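**Q** sequence and predicted model, in that order:
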Amino acid sequence: MNQDKPQQKPRMARRSNTRVSRRPRRNAPGFILLEAMMAGAPIAASSLAPMPEFCRSAAEYFNALDVSDMSQKMEALLSDPARLFALSERSNTQASKFTWDEFVRRVVLQIEIAVKQKDN
């Protein structure tokens, strides 16, 4: 999916059963997951940071360093339509939390905290 044209990605994410993110280190890993969550795809992700902080309850987590664990979690997830549906719903909910307004609000809050700490 990463090599396809950008305009094709959301359509492809909507068609997928799930999105797997194994890479423990990558620049901005959340963007790929956010794109999939915005399309309502169920997520399977590494239990290493920042995946759990980013996806919260919208993902099935596995140990990225243990292929057996990843395989077992994926097999269980893909054989459970109810779980896939629940994660899809949670994906939409979690993705809706990431807005520019919320980002700016958090940045301003952190600046205000830093200024107060400097003044004290």
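**A** That came in fine, so what should we check first?
**Q** let me see the ranges of the strands in this protein.
**A** 19-21, 43-46, 59-62 (DSSP state E).
**Q** and the ones you listed, which is most packed in?
**A** Greatest average neighbour count among these goes to strand 43-46 (a mean of 25), per mean count of other Cβ atoms under 10 Å. In this view, the C-beta of every residue, glycine as well, is placed from N, C-alpha and C.
**Q** centre of the chain versus that strand, how much separation?
**A** How far strand 43-46 lies from its chain's middle: 7 Å, per Cα atoms, centre = their mean, to the nearest Å.
**Q** next one: stretch 104-115
**A** Counting by Cα atoms, centre = their mean, stretch 104-115 is centred 24 Å from the centre of its parent chain.
**Q** repeat that for stretch 34-51.
**A** How far stretch 34-51 lies from its chain's middle: 3 Å, per Cα atoms, centre = their mean.
**Q** per-residue pLDDT, the nearest residue to P52 once chain neighbours are set aside?
**A** Nearest residue to P52 in three dimensions, chain neighbours excluded: Y61, at 6.3 Å (Cβ to Cβ, 6 or more residues apart in numbering). For Y61, the pLDDT comes out at 95.
**Q** wait, Y61 sits on K73?
**A** Yes - the pair Y61 / K73 is scored as a contact, 7.4 Å apart, by Cβ atoms under 8 Å.
**Q** need the residues touching each of the two.
**A** Any residue near both Y61 and K73 by Cβ atoms under 8 Å, 6 or more residues apart in numbering counts here, and that gives A44.
**Q** so which residue is dead centre in this protein?
**A** What sits nearest the mean C-alpha location of the chain, by Cα atoms, centre = their mean, is L33, with 3.6 Å.
**Q** just for this structure, where's the confidence low?
**A** Along the chain, the parts satisfying pLDDT under 70 run over 1-29.
**Q** now do 90
**A** The model of the chain has pLDDT under 90 over residues 1-36, 49-51, 53-54, 98, 100, 103, 119-120.
**Q** perfect, I'm done here.
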